[in-house]
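In: sequence below, structure please.
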Amino acid sequence: MFISKTFIRQVLKLVFRAMLLLSAVYLFYFDRGKIFELGLGGALLWVIWLTLVIDMLYRLIPNKRIALGARKHFARSFSAASSEGVDPEAARKSVKKLNKGAFLCALGWFVISSAILFLLYLLDTLTPKTVLVVILVYMVGDLVFILFYCPFRTLFMKNRCCTQCRIYNWDYFMICAPLIVFPSFYSVSLFLLSAIVVLQWELALRKNPHYFLKETNGNLSCKSCSDKLCRHRQRASSG
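Out: So this is what the prediction gives:
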């Protein structure tokens, strides 16, 4: 059975992020929460920061080490699905449908994240350390969504797979945004870099919507996909 390099990299990232989460939870509960102090806690904070920064920088530069779904906004990832060219009206309707799903995803994420932060506030546990643990949960959840099951895809976007996902490069903003509740070098730098990733993505969509559509970008079809990130989900008929 074929296992792609992209799939292996995503699995390894999931294992690594899970280890970061477990380390943070251990420090939080069994080492008096010394995540932001010198020693192991301080080192862990830098590892988390560097992990996110490096991953986001990869998203900003065209390269084949990231999944096709995250780099489809670059020209080199586009291959015309048809020699007849792009129908502007059809593309406009498809983008409008994608934008509706994206809005629902953003609303769902905002409600859930706000509810979590508000609950922590009510419990008098809203601190930089608890928010850091929350974003680590988000980091693990991000890859679980990619590899196994994504509620955003199922409930709102209705896209066949991650390769065709309209909001693929929103993930780091969704992960990092809660950190801004406690402004610091770590939180502000991660928030701004994640916002740049989203801005680049959205500007590319506005300028070249055909890069994002399975009807116009042949590389987004199942038969052209080499990532095989859907291997643990039931595959739809090839498109």
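
In: now residue 82: how far from residue 97?
Out: Look at residue 82 and residue 97: by C-beta to C-beta, to the nearest Å, they are 19 Å apart. Quick note: C-beta positions are derived from backbone N, CA and C, even for glycine.

In: who has more neighbours out of the two?
Out: Neighbours of residue 82 and residue 97, each counted by other C-beta atoms under 10 Å, are more numerous for residue 97; the result is 14 against 10.

In: which element is that one on?
Out: For residue 97, the host element (DSSP states H and E) is helix 88-122.

In: mean confidence for that helix?
Out: When the per-residue pLDDT values of helix 88-122 are averaged, the result is 93.

In: secondary structure class for the residue nearest to the spatial centre of the chain?
Out: Of all residues in the chain, the one closest to the mean position by C-alpha atoms, centre = their mean is residue 171, 2.5 Å from it. The local conformation at residue 171, judged by DSSP: H, G, I helix; E, B strand; the rest coil, is helix.

In: touching, it and residue 141? I think so.
Out: No. With contacts defined as C-beta atoms under 8 Å, residue 171 does not count as touching residue 141, sitting 9.6 Å away.

In: burial count for residue 143?
Out: The criterion is other C-beta under 10 Å. On that basis, residue 143 has 19 neighbouring residues.

In: just use 166 as the starting number from now, easier for me
Out: Okay, using 166 as the starting number, the last item reads as residue 308.

In: could you give the angle of the helix or strand encompassing it to helix 253-287?
Out: If you go by DSSP H and E, residue 308 is part of helix 293-312. For helix 293-312 and helix 253-287, the angle between their directions (axes from the mean of the first three to the mean of the last three C-alpha atoms, to 10 degrees) works out to 140 degrees.

In: quick one: distance of helix 293-312 to the chain centre.
Out: On the basis of C-alpha atoms, centre = their mean, to the nearest Å, helix 293-312 is displaced by 11 Å from the centre of the chain it belongs to.

In: what of stretch 199-219?
Out: Taking mean C-alpha positions (C-alpha atoms, centre = their mean), stretch 199-219 and its chain are 21 Å apart.

In: can you list contacts of that stretch?
Out: Contacts of stretch 199-219 with the rest of the structure, by C-beta atoms under 8 Å, 6 or more residues apart in numbering, involve 181-182, 185, 188-189, 192-193, 196, 293-294, 297, 301, 304, 337, 340-341, 351, 354-355, 358-359.
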